[in-house]
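**Student:** I'll drop the sequence and a predicted model, then ask my questions.
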Amino acid sequence: MKIIHTSDWHIGQLFNFHYDRQLEHQFFFDQLKKIIKEEKPDALIVSGDIYDKSTPANSSMRFFFDNLLKIVEVDKDMTIVITAGNHDSSSRLETDQGVWKLHNCHFVGSIERDNDQYLFDKHIIKVGDKGFIVAVPYLQNYYNDFYNLILKDVEKRNINNLPVILMGHTTIADSDFSSHEIVNINEIVSIGGVNSLNIKEIDDSMYDYFALGHIHTPQTLSNGKARYCGTPVQINFKEDFQHSITKVEILKRGEMPNISTVDIQPLKFFYTIPSKPYILDEALKILEMNLPEASGYVQLNILVDGPVPADTENRIRNILSKNEKLLYCDYKTTMLVSNKTEKILKPEFGLVEFKEKDPLEIALSHFQSTYNYEMDSAMIELMRTVINEVRNEYYR
Ligand SMILES: [Mn+2]
């Protein structure tokens, strides 16, 4: 049995809130069609996060369905299975499933129960006489028993001992989730609102390959048969790795899968310039001298010892205007001298004191702990004005 495994497409993403990614996704779909034509897989499986938002724009949905239809037309014998991720609306994704089934294309968005019994039928898709695909969408952590129960059910149906492919959209505890935006320690246990799953809780003799989505860094987990295929289209500056789709071949039930990747080329690149942080003037000079020729998103990498000057964005945009294929995103700052981490770990006042404190006092204290020197009088004056304006607005 041969499958193409992909996930986390995030169709409809507006990068930096306004850059439309549709042409880039089109470039990906064109490559995917070519890969399918060459590889002739038995199935294409997409493990969640089809859309970037649970309420995608009509234009995004149309774009997705137009492309899906083209993929169907490339190989009409191929089975397609698409599950919902945490970014998708589970019910919306299933809306037109009846029609899509006619094209051998299965959408699985949610799990259903009759009293205490899970209804497994819609999740278990038989691919000819080749094998089974067990389509599990994004689950809240309290459904973790679902994996083992459905695998037991598949075992009963699998009288010819065919390969079993399990799908999931979840965080596995020992995976590398460095590309995820983690703001605080609590999010490590619940990235994207999912409590992580311990892979050892699922009996891995019951599946031959576990096709995962949710974590965007491609990686095969320690048991050698559970894998995150990663994003085919880069969705932020942190995803600084080769993007690809995963090709899996399973010769026999119980044998280790043969896993390889096919690279996906980007239409636009993500440039962090300079590669290491430099002070602003130096960084701008380096950017000017090394202006990329290809099309892409740019962030300036700067070393700071205080607040970033207000004209920074304009200075960067000015340099970028020399190549209209370059899109300004932001600047990334690194503190020159910092004992910031130490300070963050011990808050200077609790919630009660915080509410009673004068906003200016909080600002002064925050400034001091961030930059390691005192706010100057001009900025204090500015801060006072802003605080007064907010107060006037609020109490009016
Ligand atoms: Mn995702």
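**Tutor:** Looks like it came in fine. Not measured: the values here are computed from a predicted model.
**Student:** Quickly find the element holding residue 210.
**Tutor:** Assigned by DSSP states H and E, residue 210 belongs to strand 209-213.
**Student:** Just the residues contacting that strand, thanks.
**Tutor:** Outside strand 209-213, the residues within contact range by CB atoms under 8 Å, 6 or more residues apart in numbering are 3, 5, 7-8, 45-49, 83, 85, 163, 165-170, 172, 199, 202, 204, 221, 225-229, 246, 248, 250, 257, 259. Backbone N, C-alpha and C define where each C-beta goes, glycine included.
**Student:** Give me the subset of these that also touch the ion.
**Tutor:** Restricting these to those touching the ion (CB under 5 Å from the ion) yields 8, 49.
**Student:** What subset of the contacts of strand 209-213 is buried?
**Tutor:** 3, 5, 7-8, 45-49, 83, 85, 163, 165-170, 172, 199, 202, 204, 221, 225-229, 246, 248, 250, 257, 259 (16 or more other CB atoms under 10 Å).
**Student:** how about stretch 149-168: buried residues?
**Tutor:** By neighbour count on 16+ other CB under 10 Å, the buried set for stretch 149-168 is 150-151, 153-154, 158, 162-168.
**Student:** Could you list which residues are in contact with the spatially closest residue to residue 15 that is not a sequence neighbour?
**Tutor:** Distances taken as CB to CB, 6 or more residues apart in numbering place residue 21 nearest to residue 15, at 6.0 Å, with adjacent residues excluded. By CB under 8 Å, 6+ apart, the contact list for residue 21 reads 10-15, 233.
**Student:** quick one: which of the residues you listed is most hemmed in?
**Tutor:** For the contacts of residue 21, the largest neighbour count, defined by other CB atoms under 10 Å, is 24 neighbours, found at residue 11.
**Student:** can you give me the strands for the stretch 51-200 of the chain?
**Tutor:** 79-83, 105-108, 113-114, 117-118, 124-127, 131-134, 164-169 (DSSP state E, counting those that start in this stretch).
**Student:** confidence score at the closest residue to residue 251 other than its chain neighbours?
**Tutor:** Excluding the flanking residues, the one nearest residue 251 by CB to CB, 6+ apart is residue 258, at 7.6 Å. Per-residue pLDDT puts residue 258 at 98.
**Student:** Now residue 258, what are its backbone angles?
**Tutor:** phi -100, psi 110 (degrees, to the nearest 10).
**Student:** how close does it get to the ion?
**Tutor:** Plainly put, residue 258 is 26 Å away from the ion if you go by CB to the ion, to the nearest Å.
**Student:** Equivalent analysis for residue 226, please.
**Tutor:** With distances taken as CB to the ion, residue 226 is found 17 Å from the ion.
**Student:** close enough to count as contact, that residue and residue 204?
**Tutor:** Yes - between residue 226 and residue 204 there is a contact under CB atoms under 8 Å: 7.3 Å.
**Student:** on that earlier part again, got the contacts of residue 21 as JSON lines, with secondary structure, pLDDT and distance to the ion columns?
**Tutor:** Output for the contacts of residue 21, formatted as JSON lines (DSSP: H, G, I helix; E, B strand; the rest coil; pLDDT from 0 to 100; distance: CB to the ion, whole Å):
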{"residue": "10", "secondary structure": "coil", "pLDDT": "97", "distance to the ion": "6"}
{"residue": "11", "secondary structure": "strand", "pLDDT": "98", "distance to the ion": "11"}
{"residue": "12", "secondary structure": "coil", "pLDDT": "97", "distance to the ion": "13"}
{"residue": "13", "secondary structure": "coil", "pLDDT": "96", "distance to the ion": "10"}
{"residue": "14", "secondary structure": "strand", "pLDDT": "95", "distance to the ion": "15"}
{"residue": "15", "secondary structure": "strand", "pLDDT": "94", "distance to the ion": "14"}
{"residue": "233", "secondary structure": "coil", "pLDDT": "98", "distance to the ion": "11"}
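**Student:** Can you list the low-confidence ranges for the stretch 251-396 of the chain?
**Tutor:** 338-349, 396 (pLDDT under 70).
**Student:** Okay, helices next: where are they in it?
**Tutor:** Assigned helices in the stretch 251-396 of the chain, in chain order: 280-289, 312-320, 340-345, 351-356, 359-371, 377-395 (criterion: DSSP state H, counting those that start in this stretch).
**Student:** Format these as CSV; extra columns: distance to residue 127 and mean neighbour count.
**Tutor:** CSV is the format used below for the helices of the stretch 251-396 of the chain (distance: least, CB to CB, whole Å; neighbours: other CB atoms under 10 Å):
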stretch, distance to residue 127, mean neighbour count
helix 280-289, 51, 16
helix 312-320, 48, 17
helix 340-345, 51, 10
helix 351-356, 56, 9
helix 359-371, 56, 15
helix 377-395, 60, 11
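**Student:** Of the ones you listed, give the one that comes closest to residue 134.
**Tutor:** helix 340-345 (43.7 Å; CB to CB).
**Student:** so what are the domain limits for the protein?
**Tutor:** What automatic domain parsing lists as the domains of the chain is 2-263, 269-335, 340-395.
**Student:** Contact partners for the residue nearest to residue 89 when sequence neighbours are not counted?
**Tutor:** For residue 89, ignoring the flanking residues on the chain, the nearest one in space by CB to CB, 6+ apart is residue 54 at 4.0 Å. Counting by CB under 8 Å, 6+ apart, residue 54 touches 87-89, 92.
**Student:** helix, strand or coil for the closest residue to residue 71 other than its chain neighbours?
**Tutor:** Using CB to CB, 6+ apart and skipping residues adjacent in sequence, the residue nearest residue 71 is residue 33, 6.0 Å away. Three-state call for residue 33 (DSSP: H, G, I helix; E, B strand; the rest coil): helix.
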